[in-house]
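**Student:** kindly generate the corresponding structure for this input.
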Amino acid sequence: MQHQSFYIIVLFFYFFNFSLKAEVFDSTQVSREIRYDDGLISAEQFDTETLENLKNDEVFNYKEAIPPDNLWTRFKIWLDDLWDSFINWILQGDEATGLLGFIVRVLPYLLLLGVVVLLVWLFLKIDMGGSGFKNNSLNKVILTDEQQIIETQNIQDLIDDALLQKNYQLAVRYYYLLLLQKLANKDIIDWQVQKTNADYIYEIKNHELRIEFTKLTRIYDFIWYGNFEVSESAFSKAEKEFKKTTATL
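**Tutor:** Residues are numbered from 1 along each chain as shown. The predicted structure follows:
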């Protein structure tokens, strides 16, 4: 009898607890109602002229410019790749930052500036054609005077005058013009104002004479275009070579 009473009490509390949970669950239910938007929708209008202006504005042009495929572009790409490879080799793959990164960025421009300065320096040193950087005595013989000297003047007298002034550089210049004059008179070369010394080398058919003329041309280029004073001993050696060749013509 006691056991029956115990079971009845347990069943009572079980059903009582279940009914409470059911009430709590029902109290948490939310009433949902579907509402439809029946308002009028107006389509947004865009100004066609404004759109066209924006399309033509370079600020909104996000297309990457593709360089033309030509030799100059390929050379620049090759040069950039070569420079990047050199920097990667120097840095061993690390990224250059700080002062080192600044040096890496400006170094190509410094190298370019150095090449330009070198070319300008070489131009001023060579000073071809007797420009204003040479002294006045050297300016007496310029390219426009060559034809008059070779065709009308006694070049030996010009050589003697230069030696009296101890202007050995100018004397070598006259010796070379005398050589050209003799070669032209012998019809060995066809002397023309616009021709170069290299042209005359190829015109000389005699092998031994061509070798001698090539040697004298190098001596002349070294002395005349070299921006330095020619000593008497150096001139004597050059004069000996010129006289030896001109004596055979």
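**Student:** ok, the spatially most central residue of the chain to Arg74 distance?
**Tutor:** The chain has Leu112 as the residue nearest its centroid, 6.6 Å off, counting by C-alpha atoms, centre = their mean. To Arg74, Leu112 is 19 Å away according to C-beta to C-beta, to the nearest Å. C-beta here means a position set from N, CA and C on the backbone, and glycine is covered the same way.
**Student:** host element of the residue nearest to the centre of the chain?
**Tutor:** In the assignment (DSSP states H and E), Leu112 maps to helix 98-126.
**Student:** hmm, who's touching whichever helix or strand comes after that helix?
**Tutor:** Downstream of helix 98-126, the next assigned helix or strand under DSSP H and E is helix 146-152. Applying C-beta atoms under 8 Å, 6 or more residues apart in numbering, the set of residues contacting helix 146-152 from outside is Val141, Ile155, Leu158, Tyr174, Leu177, Leu180, Gln181, Ala184, Trp191, Val193.
**Student:** turn these into a markdown table, columns for secondary structure.
**Tutor:** Below are the contacts of helix 146-152 laid out as a markdown table (DSSP: H, G, I helix; E, B strand; the rest coil):
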| residue | secondary structure |
| --- | --- |
| Val141 | coil |
| Ile155 | helix |
| Leu158 | helix |
| Tyr174 | helix |
| Leu177 | helix |
| Leu180 | helix |
| Gln181 | helix |
| Ala184 | helix |
| Trp191 | coil |
| Val193 | coil |
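**Student:** among those, name the buried ones.
**Tutor:** Val141, Ile155, Leu158, Tyr174, Leu177, Leu180, Gln181, Ala184, Trp191 (16 or more other C-beta atoms under 10 Å).
**Student:** what's the neighbour count on Arg173?
**Tutor:** Neighbour count for Arg173, taken as other C-beta atoms under 10 Å: 24.
**Student:** run a quick neighbour tally on Ile149.
**Tutor:** Quick note: Ile149 (other C-beta under 10 Å) scores 19 neighbours.
**Student:** show the pLDDT at it.
**Tutor:** In this model, Ile149 is scored at 83, pLDDT.
**Student:** which member of the contacts of helix 146-152 is positioned nearest Leu54?
**Tutor:** Nearest to Leu54 out of those is Val193 (C-beta to C-beta; 63.5 Å).
**Student:** quick one: secondary structure of Ile77?
**Tutor:** At Ile77 the chain is in helix, as set by three-state DSSP.
**Student:** take stretch 155-170, keep the C-alpha atoms, and write them as PDB.
**Tutor:** Provided in PDB are the C-alpha atoms of stretch 155-170 (Å, rounded to 0.1, in the frame of the first residue of the first chain):
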ATOM      1  CA  ILE A 155     102.000  72.900 -97.300                       C
ATOM      2  CA  GLN A 156     105.700  72.600 -96.700                       C
ATOM      3  CA  ASP A 157     105.900  76.400 -96.100                       C
ATOM      4  CA  LEU A 158     103.000  76.000 -93.600                       C
ATOM      5  CA  ILE A 159     105.000  73.300 -91.800                       C
ATOM      6  CA  ASP A 160     108.100  75.500 -91.600                       C
ATOM      7  CA  ASP A 161     106.000  78.400 -90.100                       C
ATOM      8  CA  ALA A 162     104.500  76.100 -87.500                       C
ATOM      9  CA  LEU A 163     108.000  74.800 -86.500                       C
ATOM     10  CA  LEU A 164     109.300  78.400 -86.100                       C
ATOM     11  CA  GLN A 165     106.500  79.000 -83.600                       C
ATOM     12  CA  LYS A 166     107.300  75.600 -82.000                       C
ATOM     13  CA  ASN A 167     103.700  74.600 -82.600                       C
ATOM     14  CA  TYR A 168     104.400  70.900 -83.100                       C
ATOM     15  CA  GLN A 169     100.700  69.900 -82.900                       C
ATOM     16  CA  LEU A 170      99.900  72.100 -85.800                       C
END
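**Student:** done for today, thanks.
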